[in-house]
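Asks: Let me see the structure of the following:
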Amino acid sequence: LHTTEALTVDEIITKINDTKKVSTSTINREALFRSLRLVCTSGAVGETTKEVNENMESAYFATDIGMRLQTTADKSMAPFILHWLEDPLWNAWS
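Replies: Numbering: from 1, shown residues only. Model (predicted):
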């Protein structure tokens with residue numbers, strides 16, 4: 001999520017398709033939904049509701065913490081995280 005705008009799972013799938021040219025049929029909607037719900041518990045993604053075709057659906061947005069994990073963000077923590085996940089450092093703990 002590169003935006004603080006709340007997007008439904010279907011809107012996220014459409015954005016992925018538009019930017020990455022990935023076929024929407026290869027994205028498991030249920031798995032994406034469950035993954036977003038899981039990431040919400042970390043505080044990096046928030047959940048709200050949004051009206052879509054007269055129905056209320058879950059919608060997700062990047063929180064301040066989530067925005068700082070993006071490589072394009074000001075004061076990004078992404079390089080720090082990526083550094084700690086490099087093979088030499090990761091393997092040092094195993």
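Asks: any weak-confidence spans in this structure?
Replies: For the chain, the stretches flagged by pLDDT under 70 are 1-3, 22-24.
Asks: which phi and psi does Gly46 have?
Replies: Dihedral pair for Gly46: phi -110, psi 160, per degrees, to the nearest 10.
Asks: Neighbours of it, how many?
Replies: The burial count assigned to Gly46 is 18, neighbours taken as other C-beta atoms under 10 Å. (Each C-beta comes from the backbone N, C-alpha and C, glycine too.)
Asks: do the one 4 residues further on as well
Replies: The burial metric for Lys50, expressed as a neighbour count using other C-beta under 10 Å, is 16.
Asks: repeat for Met56
Replies: Residue neighbour count, defined by other C-beta under 10 Å, stands at 10 for Met56.
Asks: List the buried residues of the helix or strand hosting it.
Replies: Here Met56 is covered by strand 55-62, with elements defined by DSSP states H and E. By neighbour count on 16 or more other C-beta atoms under 10 Å, the buried set for strand 55-62 is Ala59, Tyr60, Phe61, Ala62.
Asks: Bridged to the last one, which residues?
Replies: In other words, Ala62. Beta bridges link Ala62 to Val45 when assigned by DSSP bridges.
Asks: wait, it sits on Glu47?
Replies: No - Ala62 is beyond contact range of Glu47, at 11.6 Å (criterion: C-beta atoms under 8 Å).
Asks: gap between Asp87 and Thr71?
Replies: Noted for Asp87: a distance of 19 Å to Thr71, by C-beta to C-beta, to the nearest Å.
Asks: Give me the more crowded residue out of these two.
Replies: Taking other C-beta under 10 Å, Asp87 and Thr71 do not tie; Thr71 has more neighbours (10 against 7).
Asks: my guess is the more buried one contacts Met77, does it?
Replies: No - counting by C-beta under 8 Å, Thr71 stays clear of Met77, with 9.8 Å between them.
Asks: Between those two, which contacts overlap?
Replies: Common contact partners of Thr71 and Met77 (C-beta atoms under 8 Å, 6 or more residues apart in numbering): none.
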